[in-house]
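Asker: Give me a 3D structure for the following:
(2 chains)
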2 protein chains.
Amino acid sequence: MRLSRYFMPILKENPKEAEIVSHRLMLRAGMIRQQSQGIYSWLPLGKKVLDKVCGIVREEQNRAGAVELLMPTLQSAELWQESGRYDAYGKEMLRIKDRQDRPMLYGPTNEEMITDIFRSYVKSYKNLPLNLYHIQLKFRDEIRPRFGTMRSREFLMKDAYSFDLTKDAAVHAYNKMFVAYLRTFDRLGLRAIPMRADTGPIGGNHSHEFIILADTGESEVYSHKDFVNFDIPAVDTDFDDVAGLQAIFEKWTSVYAATSEMHDEAAFDAIPETDRLSARGIEVGHIFYFGTKYSEPMGAKVQGPDGKEHLVHMGSYGIGPTRLVPAIIEASHDENGIIWPASVAPFDAVIINMKPGDEACDRISDSLYASLGNAGKDVLYDDTDERAGTKFATADLIGVPVQIIVGPRSAASGEVEIKDRKTGARETMTAEAALNRILG
Amino acid sequence: MRLSRYFMPILKENPKEAEIVSHRLMLRAGMIRQQSQGIYSWLPLGKKVLDKVCGIVREEQNRAGAVELLMPTLQSAELWQESGRYDAYGKEMLRIKDRQDRPMLYGPTNEEMITDIFRSYVKSYKNLPLNLYHIQLKFRDEIRPRFGTMRSREFLMKDAYSFDLTKDAAVHAYNKMFVAYLRTFDRLGLRAIPMRADTGPIGGNHSHEFIILADTGESEVYSHKDFVNFDIPAVDTDFDDVAGLQAIFEKWTSVYAATSEMHDEAAFDAIPETDRLSARGIEVGHIFYFGTKYSEPMGAKVQGPDGKEHLVHMGSYGIGPTRLVPAIIEASHDENGIIWPASVAPFDAVIINMKPGDEACDRISDSLYASLGNAGKDVLYDDTDERAGTKFATADLIGVPVQIIVGPRSAASGEVEIKDRKTGARETMTAEAALNRILG
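Answerer: From the prediction side, this is the model:
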């Protein structure tokens, strides 16, 4: 993408309304724009990162056997009256009347609707296990939305819902998502700690939050330091291996970790002091097993091998991509801007043509841009008339992993400079060597 | 995807509520489910097709130089008061009050919001031309939603918005989208005819609808038959070639074509009778040039080369993916079900294991499934215990282009049957030959 044809409105000033670094950097880099309180547009640079995050979430859901569908944003109130949550949910639920005065709502979550889909079609245990998910907008009318897309009112959520014949099978479904989440956060460059958590309005009796540590986190968390050394389950993990997944779950829940709601001071104090971790964290995922909480009032039953009808055991599993983007920035930035992990970087590289109009600069920049594009790399090409200093600052701010700097002096001898955004290391080499380095 | 692990709820009965073939087939194939009047879930099979349609739309938008972002579904009423459309829009606009009693709405379209984004950042003609698009849910509270997702209340729309300094430049922007649309519909297997159209609530003075012919279409259309012979612009079309695009536009608008609102009987009667086409059609795209209709009330101005401020000239360009899916089915089906064009087929092929448990059937089916998957093909593997007749009917119904039928008799001699869904042609060959045939 040539920057001259792109839409990336960089802010030069620090926006006053931004209290945390991710919000500030997302505004400055032209990733998002607030349209109403807690409601954001994702500008092109932000949209690209959001898509990459969703892509990784989707791959890991699919790998764990979950099947994607897409439920609508608006739901009828009737479904929520069936489950009993319509009155219970409170003011965070955005209630709507359509032109025929029918009560509707903007879904804050989808347990009721997915249970309704399930009961409409699935009648036999032979169709289980089943895990259905979607990545869809939600709305929660927070009284105090803040921190940009970290806590917005309209937000994107991946929510998966599992259906099983028995509690044991449901526990395996839970473990699958537990492992999928560990892999997902790792691929996003995050170290997330699963913590016993309160189940809140979703309900149920078995729940973990996945928390990443950050000073700006809204949760207080307490854990053992061992988590940093635990291995992430491998890409070839067998999700049908019941004992294998249970072992991973047990390993990752074998040491103390809890949010403040579930904190057990005595247990925490039993940890040697040097191994205690007391910090602030950002919730980036939340998984629940809630048994028959929805299948019972809504009559979601299947015939078992015994010929009798059984209420299905359910769980739900949420990840918020629109929150993950700022969470990644909180975990990976420096004083000059964002440092994207390669897996979610909006571009693979940026070519900085320091002097458009200079024959050598243009020739080398154009050629690198074409070669990298042909090789399938997604490259931003800064071909604008801005001063070199501004271009460098922009490249650092938007955090693309590799910068290719094409200046008139080195270009004349066929050379360019490669800068690693993360380490700041710079190296001069021929344009061809740079190409090979990046295509690696 | 193994069908035993998928969620594809096939209906055996013809659903009574479906008046048109696409609606009937989408329900029967388990592609969609109505959740409330005019509000649908896209079940896994439908979601896959919808994603493919969106993918092609996106590729052609990007090729034409449009830049993707994502605006939210909910908008503040204020913006629409600025443009004057808040009161004008009528009951199709779903009006909402949030918990703080602020008037909001579920966006039926985004001219106001994108104009607001534009005016916030773009101040100079040097940043033009600009075309920003998103693929986002919209809501229009139709009094009579019908035909499944063909006319639903919550629907997905790709809407692009162009910004230019002058009317001439805006006409070029319009031509870019005109060409992108011809290419998009062609890649979706549709022959769409651009027709002069009424501009309706979007406003403006220059507009074309893209219509595909179908007996179930809601529009009456009148055109010259020559359209079927016109060439689709090539993949390497130069979108910066102003004269070239204008020539394509002129060619495609050189013969008579209009919807009933714009119909000119005298002009139509002047066409030789054998060349007249009077039919019903489905609107699958709509493009508008509307000059300064929004930039003027909302103050979207840029500084021109003359140093003065100029109102920007705008256009908007819509395609409805959730309508395109049924439109494709209307254009491509037979008495047994859907016939997907390969470009949007939910799977590349389906393997029908006629007798799971039979050693040869399992071995050959498993091996083909693995080989095709490793080669990057997305294959549905019917490994269920259904009767062979049911499996054949399902494969025809869901319309996957190629069926690989693995029966016990031919499997014993290492052979399978390949069936072309569209022609019905069947051919027996070795499993290896089948693999090579599909990998092409």
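
Asker: these two touch, right, A:Thr73 and A:Phe155?
Answerer: No - taking C-beta atoms under 8 Å as the definition, A:Thr73 is not a contact partner of A:Phe155, at 11.4 Å. In this view, the C-beta of every residue, glycine as well, is placed from N, C-alpha and C.

Asker: residues touching A:Thr115, list them.
Answerer: Residues near A:Thr115 by C-beta atoms under 8 Å, 6 or more residues apart in numbering or on different chains: A:83, A:161, A:294-295, A:298, A:300, A:314.

Asker: Can you give me the pLDDT of it?
Answerer: Note on A:Thr115: pLDDT of 98.

Asker: ok, the residue of the stretch 251-400 of chain A found nearest chain B to A:His313 distance?
Answerer: Here the residue of the stretch 251-400 of chain A nearest chain B is A:Asp385; by C-beta to the nearest C-beta that distance is 8.2 Å. Counting by C-beta to C-beta, to the nearest Å, the gap from A:Asp385 to A:His313 is 63 Å.

Asker: re earlier: need the pLDDT of the residue of the stretch 251-400 of chain A closest to chain B.
Answerer: At A:Asp385, pLDDT is 95.

Asker: That one contacts A:Pro356, doesn't it?
Answerer: Yes - between A:Asp385 and A:Pro356 there is a contact at 6.5 Å, judged by C-beta under 8 Å.

Asker: Would you mind telling me which of those two has more residues around it?
Answerer: A:Pro356 (15 against 11; other C-beta atoms under 10 Å in any protein chain shown).

Asker: Quick one: the helices in the stretch 201-350 of chain A, in order.
Answerer: Ranges of helices in the stretch 201-350 of chain A, per DSSP state H, counting those that start in this stretch, are A:242-252, A:265-269, A:295-298, A:321-331.

Asker: got the phi/psi numbers for A:Pro9?
Answerer: phi -80, psi 100 (degrees, to the nearest 10).

Asker: Contact partners for it?
Answerer: A:30, A:43, B:120-122.

Asker: Tell me which other helices or strands the helix or strand where A:Thr394 lies touches.
Answerer: Using DSSP states H and E, A:Thr394 sits in helix A:388-398. Helices and strands touching helix A:388-398, by 3 or more C-beta pairs under 8 Å, 6 or more residues apart in numbering or on different chains; DSSP states H and E, are strand A:337-338, strand A:349-353, strand A:379-382, strand A:402-406.

Asker: now those strands as JSON lines including mean pLDDT and distance to chain B?
Answerer: Below are these laid out as JSON lines (pLDDT from 0 to 100; distance: least, C-beta to the nearest C-beta, whole Å):
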{"stretch": "strand A:337-338", "mean pLDDT": "98", "distance to chain B": "18"}
{"stretch": "strand A:349-353", "mean pLDDT": "98", "distance to chain B": "16"}
{"stretch": "strand A:379-382", "mean pLDDT": "98", "distance to chain B": "12"}
{"stretch": "strand A:402-406", "mean pLDDT": "98", "distance to chain B": "22"}
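
Asker: Same list (those strands) but as CSV, adding distance to B:Tyr222.
Answerer: Output for the helices and strands packed on helix A:388-398, formatted as CSV (distance: least, C-beta to C-beta, whole Å):
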stretch, distance to B:Tyr222
strand A:337-338, 55
strand A:349-353, 51
strand A:379-382, 47
strand A:402-406, 56
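
Asker: Domain map for chain A?
Answerer: A:3-338, A:349-439 (the TED database).

Asker: Compare the ones you listed and give me the one nearest B:Ala345.
Answerer: Closest to B:Ala345 of the domains of chain A, according to C-beta to C-beta: domain A:3-338, at 16.7 Å.

Asker: Looks like A:Pro346 contacts A:Val53 (just checking).
Answerer: No - applying C-beta under 8 Å, one finds A:Pro346 not in contact with A:Val53, separated by 10.9 Å.

Asker: need the longest strand for chain A.
Answerer: strand A:276-291 (DSSP state E).

Asker: out of the contacts of A:Thr115, who's nearest A:Val350?
Answerer: A:Tyr161 (40.3 Å).

Asker: tell me the contacts of the closest one?
Answerer: A:110-111, A:114-115, A:118, A:131-133, A:314-317.

Asker: Could you report the pLDDT at A:Pro201?
Answerer: With respect to pLDDT, A:Pro201 has a value of 65.

Asker: Kindly report the same for A:Thr166.
Answerer: For A:Thr166, pLDDT reads 97.

Asker: ok, the closest residue to it other than its chain neighbours - contacts?
Answerer: In space, and not counting its chain neighbours, A:Thr166 is closest to A:His313: 6.4 Å by C-beta to C-beta, 6 or more residues apart in numbering or on different chains. For A:His313, the contact set (C-beta under 8 Å, 6+ apart) comprises A:163-167, A:169-170, A:289, A:291-292, A:295.

Asker: Got a PyMOL select line for the buried ones in those?
Answerer: Per 16 or more other C-beta atoms under 10 Å in any protein chain shown, the buried members of the contacts of A:His313 correspond to this PyMOL selection:
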select buried, chain A and resi 163+164+165+169+170+289+291+292+295
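
Asker: picking that back up, anything in contact with each of A:Thr73 and A:Phe155?
Answerer: Joint contacts of A:Thr73 and A:Phe155 (C-beta under 8 Å, 6+ apart) are A:137-139.

Asker: which of the residues you listed are close to chain B?
Answerer: A:137, A:139 (C-beta under 8 Å from any C-beta of the partner chain).

Asker: Throw the shared contacts of A:Thr73 and A:Phe155 into a markdown table and include distance to B:Asp264, pLDDT and secondary structure, thanks.
Answerer: Listed next are the shared contacts of A:Thr73 and A:Phe155 as a markdown table, based on distance: C-beta to C-beta, whole Å; pLDDT from 0 to 100; DSSP: H, G, I helix; E, B strand; the rest coil:
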| residue | distance to B:Asp264 | pLDDT | secondary structure |
| --- | --- | --- | --- |
| A:Leu137 | 43 | 98 | strand |
| A:Lys138 | 49 | 98 | strand |
| A:Phe139 | 47 | 98 | strand |
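
Asker: Fine by me, thanks again.
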